[in-house]
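Participant: this is a predicted model, with the sequence first.
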Amino acid sequence: MATKYRNTNIFIRILLVILSVVFFAGAYFNAVELFNYSKAYSLDEVINNDNYIVNENTPISESNHLEAFIGSDVHSADILLLAKDTEYCKRELEASREKNVNSIINDYDETNGERGEPYTNSFDISIGGVSVWFSLETPNEKAQIVYGDSIETVKAKVNLRYTEYIENGEYIKSLNNAAEEQGRIHGDFYYYVKNNKAKTYVTNFSNESELNNVLNHEYAFVFKDGKIQTSDKFKGLFSESEVNKDIFKNDEYYVYIDEADSNTDSIISYIHFAEKERSVNPKQLLISFFIMLALAGISALLYLILCGTKDENGKVKRIFIDYIPSDLHLLISGGLFAGLVLLWAWVSEKSLVPHAFVFSRIYGIASLLIVSLMYCLIIEFISSFIRVCKSEKPIYKNFLFYPLVFKPIRFVFKTLKEALSFKPENFKKPLTNALVIYAIINSVFFWAIVLSVFHGLTGLAGITGILVILFNIGVAVYAVWYIIQLDKIITAAHYRQIPQVDYNKLPQSLKCLASSVSYTKQELENAVAQAVRDEHMRTELITNVSHDLKTPLTSIITYVDLLKSCDIQDENAREYISVLDEKGSRLKKLIDDLVEASKITSGVINLNPVNLSLTELGAQAVYERQQEFAENGLDLVFSDNGANIGAFADGNKTYRILENLLSNARKYSAVGSRVYCSVYETQNYSIFEIKNISAEPLNISAQELKERFVRGDESRNKEGNGLGLSIADNLCKAQGGHLNLTIDGDLFKAQVMLPKPKS
């Protein structure tokens with residue numbers, strides 16, 4: 001089944017190619033007919049016809065082409081007749097002797113050739129208005145001019161040669177040659193031209209009796225006594241004004257066209273051709289041309305669509321010609337096409353009857369075959385290219401330049417790329433290679449310029465100079481671009497941002513740096529996000545566990561209170577109850593602090609800020625704990641400088657801050673030392689400050705002290721739980737202030753900075 005389908009496909013493609021070529025040949029044939037028609041109907045200019053169109057109502061004799069053909073033949077006959085009047089020719093030559101001799105002498109240059117070498121130029125001279133050749137080449141040594149002759153010698157020799165030219169009758173041969181070159185007589189042009197004054201005539205009549213029967217021919221005219229008579233079909237051939245312009249140089253002309261002449265080089269063939277073309281319908285030719293051209297195009301398009309069909313393995317089947325490299329294939333096809341174009345031009349020229357635009361049958365067929373071959377060449381190349389494109393092989397690999405040019409260039413660039421490629425911890429090597437290559441290229445350019453100037457090749461030196469300038473500008477532009485990209489990456493790293501650069505266009509060195517900055521930024525964001533999640537989880541855990549512990553702890557404290565009220569005589573039991581009471585209270589305080597810290601951290605806190613007296617609030621907190629400090633061997637000193645300092649804050653929360661700071665000072669101050677408290681204000685804040693001397697060395701930073709469960713002493717042998725300063729710090733922040741801690745040796749200072757009262 002597959003074989004049958006493949007054979008059918010091949011048959012269809014062959015049929016489409018044949019149809020396309022046939023239709024194209026038909027279109028070309030119609031184009032040729034239209035060309036012939038246009039030549040018959042647009043013969044440069046038509047006498048007495050403003051539209052310049054020969055139509056069926058206009059005699060063919062009114063064509064300027066017909067008049068030109070006959071005028072050319074008449075002119076040739078005039079020249080032949082002129083050659084017979086030797087006396088007239090001699091008189092004309094003698095009359096123009098001085099002019100011609102002086103012209104030759106003026107052209108002579110004694111230094112233009114090797115001394116003693118003959119001077120044999122030819123010159124154009126006129127006889128009776130006809131241009132003929134006069135050659136200085138002569139076997140007469142006396143008349144032969146040589147380079148180095150003086151002007152007087154040249155003049156004498158030219159006059160001698162001029163006399164020789166006249167006496168030998170060389171002008172007659174020149175006139176006969178002029179008759180062939182300046183005009184020519186068609187094979188069916190019969191004439192009798194007479195000069196009555198010279199009593200000479202020329203004719204190709206078989207006998208003079210034909211003179212009386214000239215006008216009996218279908219195409220004929222007689223010019224005699226200054227008047228012209230024509231046959232019916234030649235009426236209008238020469239207008240009255242043209243006769244008066246002396247188109248006829250001699251006295252009598254008897255001319256007729258032989259209607260029976262079958263020679264293709266004839267005037268009658270033109271007349272018959274023009275009359276034949278009158279019967280052509282140009283609209284039909286034009287419609288037929290476009291139809292044929294459209295059918296040829298459709299057939300070719302269908303054939304090209306079917307090109308490159310796949311076989312049973314799913315691969316495009318290629319023929320032997322498809323394995324030729326595409327560029328070589330194009331070169332071969334293009335060469336053949338160019339050769340066919342030249343052959344077509346030659347055949348087309350031969351296929352046109354001179355001056356009559358008539359295609360000969362043999363040359364016309366040859367021209368048609370050549371054009372068809374040109375069309376087949378185009379179809380063949382396009383179809384081959386389509387099959388190559390559809391095949392599994394990449395199209396660029398089917399070009400000859402790929403292995404010869406592309407691969408070596410790619411190898412060179414790959415080698416340079418490896419030499420300049422960047423690897424971490426290996427930036428020095430590619431940088432060194434780049435500088436060496438840069439120096440080598442500039443050196444090559446420099447020596448190319450020097451050698452070009454030395455050998456006088458200024459154009460090459462200029463081009464090389466432009467190239468070296470462009471190369472250095474390119475390097476400078478790249479360096480500036482590199483620095484700009486580097487600056488963007490450094491700026492992004494400074495502001496902890498992702499670099500806004502095109503990673504695909506960056507060199508490897510900058511790509512590594514940009515990727516590292518982006519990676520660091522991303523890792524930092526991930527770490528912060530993870531820390532926030534961990535903090536929330538820890539806060540939630542503390543809150544939940546604290547609530548779960550509160551219920552059994554309340555029962556324990558209650559039962560401890562009940563045990564304390566019982567009459568227990570055992571001293572050890574009472575001591576145990578006292579320890580339970582103390583530890584239960586501490587545990588309850590810890591849980592309360594945990595819950596409060598969790599609320600503050602999670603933002604679940606209600607604030608009622610008002611304008612309050614920070615001085616009075618601080619004094620109250622200090623005076624309430626004077627006794628506690630005294631019992632612990634501490635002297636608590638408060639100073640307000642007599643000023644009433646206010647703040648915009650929540651009274652309860654601010655009092656809790658002061659309580660925590662005072663409690664912290666009581667627990668960790670050295671026994672026998674003083675604790676100083678004061679209230680004052682700065683430009684922006686109202687401040688409560690407390691200073692004390694630590695009993696233990698402060699082996700921790702001020703920032704770490706603000707974190708939860710952190711204490712200055714790591715022995716954990718005192719009653720603190722490490723939450724006081726953290727709670728105080730968070731409460732300050734919640735009210736728009738902050739807590740500043742300063743450690744100077746054993747001196748610990750805490751500043752509660754709160755917003756000033758609002759007016």
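Facilitator: Everything's here; your move. This is a predicted model, so every value here is computed, not measured. Numbers count the residues shown, from 1 in each chain.
Participant: host element of I228?
Facilitator: When elements are assigned from DSSP states H and E, I228 belongs to strand 227-230.
Participant: for T742, which non-adjacent residue is closest in space?
Facilitator: Leaving aside its chain neighbours, T742 sits nearest to K749 (4.3 Å; criterion: Cβ to Cβ, 6 or more residues apart in numbering). The C-beta positions use only the backbone N, C-alpha and C, and glycine is treated the same way.
Participant: who's that neighbour bridged to?
Facilitator: Assessed by DSSP bridges, K749 has beta-bridge partners K691, T742.
Participant: so it makes contact with I690?
Facilitator: Yes: the pair K749 / I690 is scored as a contact, 7.3 Å apart, by Cβ atoms under 8 Å.
Participant: in a helix, S206, correct?
Facilitator: No: judged by DSSP: H, G, I helix; E, B strand; the rest coil, S206 forms no part of a helix; its state is coil.
Participant: helices or strands up against the host helix or strand of V480?
Facilitator: Assigned by DSSP H and E, V480 belongs to helix 458-494. Under the contact definition 3 or more Cβ pairs under 8 Å, 6 or more residues apart in numbering; DSSP states H and E, helix 458-494 sits against helix 428-454, helix 508-565.
Participant: chain center to that helix, what's the gap?
Facilitator: Centroid separation for helix 458-494 versus its chain: 21 Å, with Cα atoms, centre = their mean, to the nearest Å.
Participant: list the buried ones in it?
Facilitator: 461, 464-465, 468, 485-486, 489, 492-493 (16 or more other Cβ atoms under 10 Å).
Participant: which one of those sits closest to N730?
Facilitator: Using Cβ to Cβ, A493 comes nearest to N730 of the buried residues of helix 458-494, at 32.5 Å.
Participant: now the closest residue to the closest one other than its chain neighbours: how far from Y438?
Facilitator: Once flanking residues are discounted, A493 sits nearest to V517: 4.7 Å by Cβ to Cβ, 6+ apart. Using Cβ to Cβ, to the nearest Å, we find V517 at a distance of 29 Å from Y438.
Participant: for those two, indicate the residue with more neighbours.
Facilitator: Legend: neighbour count by other Cβ atoms under 10 Å for V517 and Y438, higher for V517 (19 against 13).
Participant: for the more buried one, which residues are in contact?
Facilitator: For V517, the contacting residues are 489, 492-493, 498-499, by Cβ atoms under 8 Å, 6 or more residues apart in numbering.
Participant: separation between it and Q497?
Facilitator: 8 Å.
Participant: is Y253 in a bridge, and if so with what?
Facilitator: Assessed by DSSP bridges, Y253 has beta-bridge partners V193, F223.
Participant: next, count neighbours for it.
Facilitator: 21.
Participant: tell me the confidence at S518?
Facilitator: Note on S518: pLDDT of 70.
Participant: tally of neighbours for it?
Facilitator: 18.
Participant: again, but for I145
Facilitator: For I145, using other Cβ under 10 Å, the count is 25.
Participant: got the confidence number for it?
Facilitator: For I145, the predicted pLDDT is 86.
Participant: quick one, phi/psi of the residue lying closest to it once chain neighbours are set aside?
Facilitator: What sits nearest to I145 in space, not counting adjacent residues and going by Cβ to Cβ, 6+ apart, is Y119, at 4.2 Å. Dihedral pair for Y119: phi -100, psi 110, per degrees, to the nearest 10.
Participant: count of residues packed around Y119?
Facilitator: Y119 has 22 nearby residues by other Cβ under 10 Å.
Participant: quick one: contacts for it?
Facilitator: Shown in contact with Y119 (Cβ under 8 Å, 6+ apart): 108, 113, 136, 145-147, 149.
Participant: how close does it get to A143?
Facilitator: Distance from Y119 to A143, counting by Cβ to Cβ: 11 Å.
Participant: before we move on, what about I700?
Facilitator: I700 is 132 Å from A143, by Cβ to Cβ.
Participant: of those two, which one has the most company?
Facilitator: Taking other Cβ under 10 Å, I700 and A143 do not tie; A143 has more neighbours (19 against 15).
Participant: surely that one is in a helix?
Facilitator: No: secondary structure of A143 (three-state DSSP): coil, not part of a helix.
Participant: what helix or strand is I166 on?
Facilitator: helix 151-167.
Participant: run through the neighbouring helices and strands of that helix.
Facilitator: helix 86-95, helix 97-107.
Participant: check what pLDDT the spatially closest residue to R115 that is not a sequence neighbour gets.
Facilitator: Distance criterion Cβ to Cβ, 6+ apart; nearest residue to R115, sequence neighbours excluded, is G148 at 4.3 Å. The score at G148 is 82. That number is its pLDDT.
Participant: what's G148 sitting at in phi/psi?
Facilitator: Phi and psi for G148, reported as degrees, to the nearest 10, are phi 110, psi -10.
Participant: that one is in contact with N112, isn't it?
Facilitator: No: with contact defined as Cβ under 8 Å, G148 and N112 do not form a contacting pair (10.6 Å).
Participant: give me the neighbour count for R91.
Facilitator: R91 has 13 nearby residues by other Cβ under 10 Å.
Participant: same question, the one 5 residues further on
Facilitator: By the other Cβ under 10 Å criterion, the neighbourhood of S96 contains 15 residues.
Participant: could you do I324 as well?
Facilitator: For I324, the count of nearby residues is 17 (other Cβ under 10 Å).
Participant: done for today, thanks.
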